[in-house]
Structure formats: structure tokens, C-alpha cells
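Participant: just the structure for this:
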Amino acid sequence: MLKNTIFISIFLTSILGYSQNIKSITEFKKVGDSLTKNRLTEFDKSGNLIREVKYGRYDSRLKTFRNKIRTFEYENGQRISEYFCEDFVAKDTCVLRSFSTFEFDKNSGIEKQTKYESDSLIRFIKQTKKQKRVKTSKTHSWEFMPVEKPNYEKALVLTDTIFYDKKNRKIKRVSYNNREKKPVIELYDYSKKTYTYQTKGTYRDTILTFDYSKLQKLADKKSLEYIFQNEKQFEYEIVYY
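Facilitator: Got it, this is the predicted structure:
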């Protein structure tokens, strides 16, 4: 077990560069002199996200910890379902909050996601297509008033276009809302140790700077659906196949 478990430190960046595939990443938050488990993320051998657990706080009223869990199922490398539930640990019960079904059209390359509430009312329908370094999506949403059957005339329509560079990093996102006149634009600019995130078209346009760690660079290169947090506040444990 110890041979398969590696704690992140300076030498860990080399681990992500090995041919082994990542099986799981556990995130710990630093609280004083101790570490608190914050998140567990699991992948299959193809690098697909299959399970994520976000560990919650203790609910004194219900006398249990409450965790949030997402699970994914795949068939022939394509997603077919996603389930989101809230885990009441002491009661050994995970209450379903929402779920999604996915359909993939091989001819068009479009993935269709239909997201449902726990009572099976439809929250949104999203169609996504990725070609080379561009990913586009169109979403018909009934987020605030889920429906039994899609009513496209009354839906909020969201259109996103995301651009990537040669290193598979997000560099630009353009988002349209059919109830707004102008799009929202997000820009990403990378350097060796940091990257900036800039928004245009929002009520409060802003520019933020974040650390761009070696771990995140390699995770992006491997196309892992994972964001590493600030290493001054978090530590990680990686298990690989």
C-alpha cells in the first residue's frame, strides 16, 4: 500500500510525468498543525473522472457529517450517466439531489446531457462538441423552474465557446446569454509560475493572478479534470495504477 501511495512534495511532480495513470487524488486542507480531508477524486485507467467526494462539516442538529458525492458511468469511453447525492455518514444514506444522462452522436461528435432534479423534472439540456482546440456548447436551461417536458421557447439559452492552446490550457471563453445584449469574455494568460484570469462584460470586470504550479501544468497536459489548490494551504496524496 505504501508503495502505491505518494505524498506531494517537490519530487512528486516527476510522478505525474511517469507512464502510470493516476487512480486517485486526495486533497487535505491545512488546519493549524493538522490536516483535514477535503476532497477525494478518482479516475479510471483512461483518465476519466469516475467519482468525486467533497467532505463536509459535522451537522450538530442531525449528528452526522454531510459529504457531497458525484459519480460517473462510461460506456465505450463515453459518459452515459452522472449522479449527485448528499451522504449522511452516520445514517449510511446518500440522498439523491440530481442526476444526468448523456448521449453521444458519433456522426456529429455532439454529446447531449440532460440534467434532472431528484423528482425527474428537467433542469437543463446541454449539447457539447469539441474539435481540435475549440469546444462549443449550447444549453437550454429551466434552472429556476424545472420542467417535465422541454419548452424551448421559455428556456434560458446559454452558448459557450472555449479556446485552448497547444498545451491543452484554456485561453479564452466567450459566453452568450439570450437575455443579455453583450457576451461575457474570460481571458487566461500563462507564464512559468503564474497565470492571470480576466473578465470582460460583467458588472465588475476584474483581473486576478493565480499560482500555476508544476502539478497543475502536468495535470492539464494529461487532460485530467482536476484543479490543484494553493499548496500553502493544501497537501495532496496520489495513488496510481
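
Participant: measure the spatially most distant residue from the centre of the chain to residue 88 for me?
Facilitator: Largest separation from the mean C-alpha position in the chain: residue 61, at 30.3 Å (Cα atoms, centre = their mean). Residue 61 sits 12 Å away from residue 88, going by Cβ to Cβ, to the nearest Å. No exception for glycine: its C-beta is placed from N, CA and C like everyone else's.

Participant: ditto for residue 177
Facilitator: 36 Å.

Participant: more neighbours, the two?
Facilitator: Between residue 177 and residue 88, counted using other Cβ atoms under 10 Å, the more crowded position is residue 88 (18 against 14).

Participant: burial count for the closest residue to the more buried one other than its chain neighbours?
Facilitator: With sequence-adjacent residues excluded and distances taken as Cβ to Cβ, 6 or more residues apart in numbering, residue 88 is closest to residue 64, at 5.0 Å. Counted with other Cβ under 10 Å, residues neighbouring residue 64 total 17.

Participant: kindly report the same for residue 194.
Facilitator: Neighbour number of residue 194 under other Cβ under 10 Å is 12.

Participant: any idea how far it lies from residue 207?
Facilitator: 12 Å.

Participant: related to what we said a few turns ago, intersection of neighbour lists for residue 61 and residue 88?
Facilitator: Residues touching both residue 61 and residue 88 (Cβ atoms under 8 Å, 6 or more residues apart in numbering): there are none.

Participant: now the chain, which segments are flagged as low pLDDT?
Facilitator: In the predicted model, the chain carries pLDDT under 70 at residues 1-19.

Participant: gap between the helix or strand harbouring residue 85 and the chain center?
Facilitator: In this assignment (DSSP states H and E), residue 85 forms part of strand 78-88. Centroid separation for strand 78-88 versus its chain: 13 Å, with Cα atoms, centre = their mean, to the nearest Å.

Participant: so that it lines up with my notes, have the first residue be 47 from now on.
Facilitator: Yes, from this point I'll number from 47; that puts the last item at strand 124-134.

Participant: which other helices and strands does it contact?
Facilitator: strand 110-121, strand 139-151 (3 or more Cβ pairs under 8 Å, 6 or more residues apart in numbering; DSSP states H and E).

Participant: each with direction, which strands does that strand pair with?
Facilitator: strand 110-121 (antiparallel), strand 139-151 (antiparallel) (DSSP bridges).

Participant: next helix or strand past the last one?
Facilitator: I take that to be strand 139-151. strand 156-163.

Participant: quick check: buried residues in that next one?
Facilitator: Of the residues in strand 156-163, those buried under the neighbour-count criterion (16 or more other Cβ atoms under 10 Å) are 156, 157, 159, 161, 162.

Participant: in TSV: those, plus distance to residue 123.
Facilitator: As requested, those are exported to TSV (distance: Cβ to Cβ, whole Å):
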residue	distance to residue 123
156	15
157	12
159	16
161	21
162	24
